[in-house]
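K.L.:
any chance you could fold what I've pasted below:
(2 chains)
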Amino acid sequence: MKRRNFLGLITLAPAFPRSASARSTVRIGLTPVFLDDQTFLNRWRAYLEQVLGREVVFVQRGTYREITELVLNGRVDFAWLCGYPFVRYRQQLEILLVPVYEGRPLYQSYLIASAEDDWTRGLEDLEGRVFAYSDPLSNSGWLVTQAQLLDAGHDPEMFFRRSFFAGAHRNVVEAVAVGLAQGGAVDGYVYDALARLHPELIARTRVVWRSDTYGFPPVVAYPEVDYALRDAFRTALKEMADSQAGQELLGQFYLDGFRDPEEGLYAGIERLQQRVERA
Amino acid sequence: MRLRDLSYRVKTPLSVTLVIVLTAIILSITLLARAYQDNREEMIDNALSLGSVLARTLAPALTRDDVWQAYETIMTPLEREARAAGGPAPVTSSNGDRGAADPSQREILVLDTGQSIYVASRPRRYPMLVQLGQMGGEYADLAGRIAEHNAGEPFVARDIWPDRYAMVVPILAEDGAQLGTLVLNYSNDLLFPRFLNTVEQVILATLLVLLALLPLGWYWGKRLTDPLSHLSACMQRVGSEVPSDIQCDLYDGRDEIGQVSMRFRRMLDELREKQELERSMVASERLAAVGRLTAGIAHEINNPLGGMLNAISTYKRHGEDRDPVADRTISLLERGLVQIKGTVGALLVEARLESHALTLEDLQDIRTLVQPDIQRKGLRLVWDNTIDAPIPLPSSQVRQVLLNLLLNAVQASEEGGEVACTLRADDRYFFAAISNGGEYISRDRMAHLFEPFANSSGEGHGLGLWVTYQMIQQLDGQIEVTSNETATLFEVTLPLSEGDAT
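P.N.:
Here you go, the predicted model:
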């Protein structure tokens, strides 16, 4: 694991703050969750362009780190980040809204195993096996498992025979489904969405364990972004639930809408972060 | 039916067909064997080039220790293959359901430098971090080969599995250091769909060629045997038909069939001659028998006849007061007896040894004698005489023979026709040929032409040719008749004998 090294690199990376108002386009960074559907993104972009009256560009990258870096440097105006990088760079980011999933701004991390594997009862049973993480900056796909191992008194570096990052939650599901890894840590929200989108893939896996709930990945803004734009964007997201077109788009996400984050929503992730980074 | 009983008309085309079919089959098999080898080599070449591309793509993933990237890299060509093979296209870029193709047909393994499995296209079959050498059997063999062949060059292991090929490509870093090894383990079964396709095409092409060649071959075979079967059919007629009736339009060539045809034709000619000879022998024997019989009867009649005529003559001379009724009766008897005497005399052809040698005037007389008949019928007489000296033959017999034949010819001719008389002589033979047009002599009539009373056609007593024949016989000569649609020809050949001439 070279996680700490590159996290260091991010903080050391020279920031090039650029005035958002100098650009006419609104740039929004997206982490690779399961939203690879370009047709859907085009529709969402058209919706936002209509509401904002400005050109909108979605910026997608292969890793959480790249998107985090973009929003920290102001190269995108807004980003939909995982809770963990948000907590990590809370001082340099401004939280805008949090999505509402099944009535709450919360989600879980799942520990999954192959459907053919009927004896794995928990993380302990996966000792000495191959494990798939999602991304080193993912809460559900990395941080939760790390903290759990530490709590159980294991050395996360030595517990598994081998572990790797699959880069996205759905890749973790696939790695477990085909038998590349015997276990995997995955975003519960993504897993449930995949169960509806690709039931044949999910059917080859099973959920071994579900974590506590944590704050849903938030929508954040580069702090120096134009206030008017920021407010307009916030309003546009918030009011998606009020229009039929917005409702349809949210339905594709399996989300209810966006709302203001309450205090302490990410306390759980902060606790995990401290547990893991202190070790 | 046995093969040797089969007609060459069938056997030869059948053989040609068989040769064509066999050739087509052998060619097809050769082509297919070649195509199979080519396909296999092409598969190996393709796999090796795919392997080198994959190895290059895998190098950064191995450097960064990115298992998932490596997995996605090796799955990319397999998913493409699965889609090309007609399997259902995966719903997303990397779906778990990888189409209908059997994943064991095409396995891709990435080994690390320690020959442990880094990642494989079938993770359950080849779990991560397992030593290839520990998978046993052929895999240990393969691991040994990879270790031996540590030259950084790709190679193909053909003989480890009987039905699989392992293409081994080293994964090298930029500086040439080995990062791992890529193994493409392909099944022979992959060749089958393409091979079947080739088989289909070859069979189709062969059938087309056969469709074009078989009728041609059959035709040639038939053409080749046609003369033979013709000859055979012709030969079958010998024995069941009269040789002179067998008219065969036989093949004309210098090959074996041509030679046999020629021999057969000659044999047919000889048969015909023999038959002709037999027939003329039979005819002359019969004529001789008839001659003896008639001569005997004529003599028996002649003696009392002479007595009867003498008695009538005496009666006429000595009776003074004869009854007129008796006179009339006697006269009637005399006329009848004279007629009998004439007829018998005609039958009794006797050599008149007293006649003188044949002179030019005799021949000229004959011409003069037939002239009135010629003119009456409006015929044309072609007189071709090259004889310029007396011939030592009894003139009266020759005159009678020629006169008889010429008068016959005149009689047989239609009005306005032509009668030809050719006369020749050398120091051994006298030769005369008399021909005329008109109706020819039928075969039935020809058989009895020279017999007495055979030709009674209303005119004459039908003894002309009989007498002619007898005379020629007495002169040791020959007479031959040929008759066809255009002309009837009588040829007389008489030998000259010095002693007979006076």
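
K.L.:
so what's residue 238 closest to, chain neighbours aside?
P.N.:
By default, I'm working from chain A. Leaving aside its chain neighbours, A:K238 sits nearest to A:F258 (5.4 Å; criterion: Cβ to Cβ, 6 or more residues apart in numbering or on different chains). C-beta: built from backbone N, CA, C; applies to glycine.

K.L.:
the chain in question should be chain B.
P.N.:
Nearest residue to B:V238, sequence neighbours excluded (Cβ to Cβ, 6+ apart): B:I246, at 6.7 Å.

K.L.:
so that neighbour is in contact with B:G239, correct?
P.N.:
No: counting by Cβ atoms under 8 Å, B:G239 is not a contact partner of B:I246; they are 10.1 Å apart.

K.L.:
so which residue is dead centre in chain A?
P.N.:
Among the residues of chain A, the one closest to the centroid is A:C82, at 3.4 Å (Cα atoms, centre = their mean).

K.L.:
quick one: name the residues of chain A near chain B.
P.N.:
Taking Cβ under 8 Å from any Cβ of the partner chain as the measure of proximity, chain A contacts chain B at A:36, A:130, A:132, A:161-162, A:164-167, A:170-171, A:174-175, A:177-180, A:198, A:200-201, A:204.

K.L.:
show me where the chain has strands.
P.N.:
With no chain named, the answer covers chain A. Counting by DSSP state E, one finds strands in chain A at the ranges A:26-30, A:56-60, A:78-80, A:94-100, A:106-114, A:130-133, A:162-165, A:183-187, A:205-215, A:219-221, A:257-259.

K.L.:
oops, I was thinking of chain B
P.N.:
B:106-112, B:117-120, B:155-157, B:164-172, B:178-187, B:357-358, B:380-385, B:391-394, B:418-425, B:429-436, B:478-483, B:488-495.

K.L.:
give me the sheet partners of the longest one and which way each runs.
P.N.:
So the one you mean is strand B:178-187. strand B:106-112 (antiparallel), strand B:164-172 (antiparallel) (DSSP bridges).

K.L.:
so how far is it off the chain centroid?
P.N.:
Put simply, strand B:178-187 sits 70 Å off its chain's centre (Cα atoms, centre = their mean, to the nearest Å).

K.L.:
what of stretch B:50-69?
P.N.:
Centroid separation between stretch B:50-69 and its chain, computed with Cα atoms, centre = their mean, is 78 Å.

K.L.:
how about the helices of the stretch 51-200 of chain B, start to end?
P.N.:
Secondary structure of the stretch 51-200 of chain B by DSSP state H, counting those that start in this stretch: the helices cover B:67-84, B:137-148, B:191-237.

K.L.:
residue of the stretch 301-450 of chain B nearest chain A, please.
P.N.:
Residue of the stretch 301-450 of chain B nearest chain A, by Cβ to the nearest Cβ: B:R443 (103.2 Å).

K.L.:
that residue and B:I479, how far apart?
P.N.:
Counting by Cβ to Cβ, to the nearest Å, the gap from B:R443 to B:I479 is 18 Å.

K.L.:
of the two, who's got more company?
P.N.:
Set side by side, B:R443 and B:I479 show unequal neighbour counts under other Cβ atoms under 10 Å in any protein chain shown, the larger going to B:I479 at 20 against 9.

K.L.:
and the chain, what are its domains?
P.N.:
Picking chain A for this. A:3-104+A:216-264, A:106-215 (automatic domain parsing).

K.L.:
sorry, should have said chain B
P.N.:
Chain B is divided into the following domains under automatic domain parsing: B:3-87+B:102-196, B:352-500.

K.L.:
can you get me a residue count around residue 141?
P.N.:
No chain was given, so I picked chain A. 30.

K.L.:
if you could check chain B rather than the one you did, that'd help
P.N.:
Look at B:D141: counted by other Cβ under 10 Å, it has 16 neighbours.

K.L.:
kindly report the same for B:V290.
P.N.:
Neighbour tally, B:V290, other Cβ under 10 Å: 18.

K.L.:
before we move on, the earlier item: can you report how many residues neighbour the residue nearest to A:K238?
P.N.:
Around A:F258 there are 24 residues (other Cβ under 10 Å).

K.L.:
hang on, the earlier thing: which of the strands of chain A is buried the deepest?
P.N.:
Mean neighbour count (mean count of other Cβ atoms under 10 Å in any protein chain shown) peaks for strand A:183-187 among these, with a mean of 30.

K.L.:
tell me the helices and strands packed up against it.
P.N.:
For strand A:183-187, the elements it packs on are strand A:106-114, strand A:130-133, helix A:169-178, judged by 3 or more Cβ pairs under 8 Å, 6 or more residues apart in numbering or on different chains; DSSP states H and E.

K.L.:
so, low pLDDT: which residues of the stretch 251-400 of chain B?
P.N.:
Scanning the stretch 251-400 of chain B for pLDDT under 70 picks out B:319, B:349-355.

K.L.:
and the pLDDT at residue 241?
P.N.:
In the absence of a named chain, this looks at chain A. At A:A241, the predicted lDDT confidence score is 90.

K.L.:
let's do chain B instead
P.N.:
77.

K.L.:
likewise for the one 3 residues further on?
P.N.:
Among the per-residue scores, B:S244 holds a pLDDT of 69.

K.L.:
with A:S19 instead?
P.N.:
pLDDT, read off for A:S19, is 46.

K.L.:
now do B:G96
P.N.:
40.

K.L.:
and if you look at B:N150?
P.N.:
Looking at B:N150, its pLDDT reads 68.

K.L.:
ok, longest helix in the chain?
P.N.:
Defaulting to chain A. The helix that spans the most residues within chain A, counting by DSSP state H, is helix A:38-52.

K.L.:
right idea, wrong chain: chain B
P.N.:
Per DSSP H, chain B has its longest helix at helix B:256-318.

K.L.:
so which other helices or strands are in contact with it?
P.N.:
Packed against helix B:256-318, as judged by 3+ Cβ pairs under 8 Å, 6+ apart, are the following elements: helix B:191-237, helix B:324-347, helix B:464-474.

K.L.:
what's the angle between that helix and helix B:191-237?
P.N.:
20 degrees (axes from the mean of the first three to the mean of the last three Cα atoms, to 10 degrees).

K.L.:
quick check: chain neighbours aside, which residue is closest to the residue nearest the centre of chain B?
P.N.:
Geometric centre of chain B, nearest residue: B:P227, 1.7 Å, by Cα atoms, centre = their mean. Once flanking residues are discounted, B:P227 sits nearest to B:Y251: 3.3 Å by Cβ to Cβ, 6+ apart.
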